[in-house]
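[1] Need the 3D shape of this:
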Amino acid sequence: MHCSNLKTILSSTSRVSQRSPCLHASSTLGLYGPCLTRTRSFHIPTYKKHHAEPTAIERTGTFYQGPLSTTFRNLKLFSLSSLSLASALTPFIFLIDAPLSLSARIALAAAALGTSLSSTTLIAWCGKPYVVSMRRAPGSDAVELTTTDVFLRERHTTVLDPRFFQSTSRPFATWEIPESFTADSDSNSQRSAGSVEPVAVTRDGLGNIVGQCVVQWKERDGQLSGVMRVEGGAIRHFNVHEELLKDHI
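    Just a heads-up that it's a prediction; the model follows:
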């Protein structure tokens, strides 16, 4: 009786040991095959070392990040919050019981709103050219610069030729797309007198064109001179940290 039970147990153990390699193989295939993304949540050091995901910079081709992006973002948020608070509290100036005439209340409300509005406008003007990130368009020399407006909406300006960048005298800006250009006349070039060339195109976060800078070329003394025309909400001033660019531009 005991011998028969022992034989049964031994035969079961033998069958399990014979099947175990197949179970391990299928389990491994399920872990590293169709369910590959599951292994990333396990934080396996050896796997992450040899199969690390590309960073955001590697995926998008971004070669520049503005170090003061968070600072300007917080400034814009603070200015918008203060303007909203001032707008919400202004009606109470006319409702509270105080020994103030109507003209004094109007002056007080105008001062509160004017101060908040002027500070918001100043911050918007100072922060408008600040470049949050910069990337090179795939397969071309064009450079895309990302900025934000006062409402923190992204604006992507693609400058088709970085040689159009010039130093600017505008405060809180480093580069500008100047209002006039000169170029040598070349019969092999697509530029010719009377032609119109787009220099920069500005898009919103959805990819819709909100403005552009175009140059109309004219010939003068054997050279081509171009006058820039700004259409729509194109951005032509940019604030960058040139020491961080190295040889990218």
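[2] what about the closest residue to Ser82 other than its chain neighbours, which SS state?
    Excluding the flanking residues, the one nearest Ser82 by CB to CB, 6 or more residues apart in numbering is Ser116, at 5.3 Å. In this view, the C-beta of every residue, glycine as well, is placed from N, C-alpha and C. Following DSSP: H, G, I helix; E, B strand; the rest coil, we place Ser116 in the helix state.
[3] Over to Ala193?
    Taking three-state DSSP, the label given to Ala193 is coil.
[4] List the contacts of it.
    Shown in contact with Ala193 (CB atoms under 8 Å, 6 or more residues apart in numbering): Trp217, Lys218, Glu219, Leu224.
[5] mean confidence score for the lengthiest strand in the chain?
    Of all segments of type strand in the chain, defined using DSSP state E, the longest is strand 209-220. For strand 209-220, the mean per-residue pLDDT is 92.
[6] List the buried residues for whichever helix or strand comes after that strand?
    Next helix or strand after strand 209-220 toward the C-terminus (DSSP states H and E): strand 223-232. Residues Leu224, Ser225, Gly226, Met228, Val230 are the ones in strand 223-232 that count as buried (16 or more other CB atoms under 10 Å).
[7] What is the nearest of those residues to Val196?
    Gly226 (9.2 Å; CB to CB).
[8] just checking, that closest one touches Glu197?
    Yes: contact status for Gly226 versus Glu197: in contact at 7.3 Å, counting by CB atoms under 8 Å.
[9] which residues sit against stretch 242-249?
    Phe63, Tyr64, Pro67, Met134, Arg136, Val143, Pro162, Phe165, Thr174.
[10] cutoff 7 Å now
    Phe63, Tyr64, Val143, Pro162, Thr174 (CB atoms under 7 Å, 6 or more residues apart in numbering).
[11] Mark which of those are buried, thanks.
    Using 16+ other CB under 10 Å, the buried members of these are Phe63, Tyr64, Val143, Thr174.
[12] could those residues go into JSON lines alongside distance to Leu83, pLDDT and secondary structure?
    Formatted as JSON lines, these follow (distance: CB to CB, whole Å; pLDDT from 0 to 100; DSSP: H, G, I helix; E, B strand; the rest coil):
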{"residue": "Phe63", "distance to Leu83": "35", "pLDDT": "91", "secondary structure": "strand"}
{"residue": "Tyr64", "distance to Leu83": "31", "pLDDT": "94", "secondary structure": "strand"}
{"residue": "Val143", "distance to Leu83": "34", "pLDDT": "95", "secondary structure": "strand"}
{"residue": "Thr174", "distance to Leu83": "28", "pLDDT": "96", "secondary structure": "coil"}
